[in-house]
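Trainee: the following comprises the amino acid sequence and a computationally predicted model.
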Amino acid sequence: MSVGTMVFWVVVVGLVLYVISIYNGLVSARNQFKNAFSQIDVQLQRRYDLIPNLVESTKAYLKHERETLEAVTAARNQAQAAAKAAAARPDNVAAVTALGAAEGALGAAMGRFMAVMEAYPDLKANQTIQQLMEELSSTENKIAFARQFFNDAVMSYNTMREQFPNTLIAGPFNFGEAKLLEVVSPEIRKAVKVSLS
């Protein structure tokens, strides 16, 4: 075997190993943001489970606020369906975008619900409702942290796939762009204010 042939094969093997390294790095980054989404999913499900309990606990006090209660329930159901679709494919841009919109609608409905609750002093004294509100507030904080972690992982993945020469590997191997989880409604960007005094 001549020196030229040996150099050629060393270069080819080096390039193949380099491509494999890039591919594995992209797989790892994609799996990291998918795992990060699963953390959001856990917290969202916790909130979706708390909301019906809170609505049910307040029904006796909010008899004249049926529209508000129905709006919260409908928004919760839509957000839960969107979360399920996004959890199945966190790399699907449309599913993550739909989840952001549904979460925005839920945040707006919950904001109206909280405003209505403020007008009923008996609700503030109810121990069950106080406990549910504290759990909801804690869950909202966990969702915010999980969303930030997911968005950081998505940003890292997108940066990796857009860098040269990674972009030459990302396209042919279907490493598509991932979507940040951005909440459409400005109401949900604000922390849920729970006032029980």
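Mentor: Yep, that arrived. Just so it is clear, the structure is predicted and the values come from calculations on it, not from any experiment.
Trainee: buried stuff in stretch 70-89?
Mentor: The neighbour-count check on stretch 70-89 (16 or more other C-beta atoms under 10 Å) flags 71-73, 75-76, 78-80, 82-83, 85-87 as buried. Placement of C-beta: from N, CA and C, glycine included.
Trainee: same question for stretch 13-33.
Mentor: Neighbour counts over stretch 13-33 (16+ other C-beta under 10 Å) mark 22-23, 26, 29-30, 32-33 as buried.
Trainee: average model confidence for it?
Mentor: Averaging pLDDT along stretch 13-33 gives 93.
Trainee: hmm, back to that, of all the buried residues of stretch 70-89, which comes closest to residue 51?
Mentor: Of all the buried residues of stretch 70-89, residue 51 sits closest to residue 76, with 4.7 Å by C-beta to C-beta.
Trainee: what's near enough to touch the closest one?
Mentor: Neighbour list for residue 76: 48, 51-52, 106, 109 [criterion: C-beta atoms under 8 Å, 6 or more residues apart in numbering].
Trainee: run the last query once more with 7 Å
Mentor: 48, 51, 106 (C-beta atoms under 7 Å, 6 or more residues apart in numbering).
Trainee: mind checking how far the nearest residue to the first one once chain neighbours are set aside is from residue 177?
Mentor: Once flanking residues are discounted, residue 48 sits nearest to residue 80: 4.7 Å by C-beta to C-beta, 6 or more residues apart in numbering. Applying C-beta to C-beta, to the nearest Å, one obtains 26 Å for the distance of residue 80 from residue 177.
Trainee: and what of residue 91?
Mentor: Counting by C-beta to C-beta, the gap from residue 91 to residue 177 is 9 Å.
Trainee: which one's more surrounded, the two?
Mentor: Higher neighbour count among residue 91 and residue 177: residue 91, with 19 against 12, using other C-beta atoms under 10 Å.
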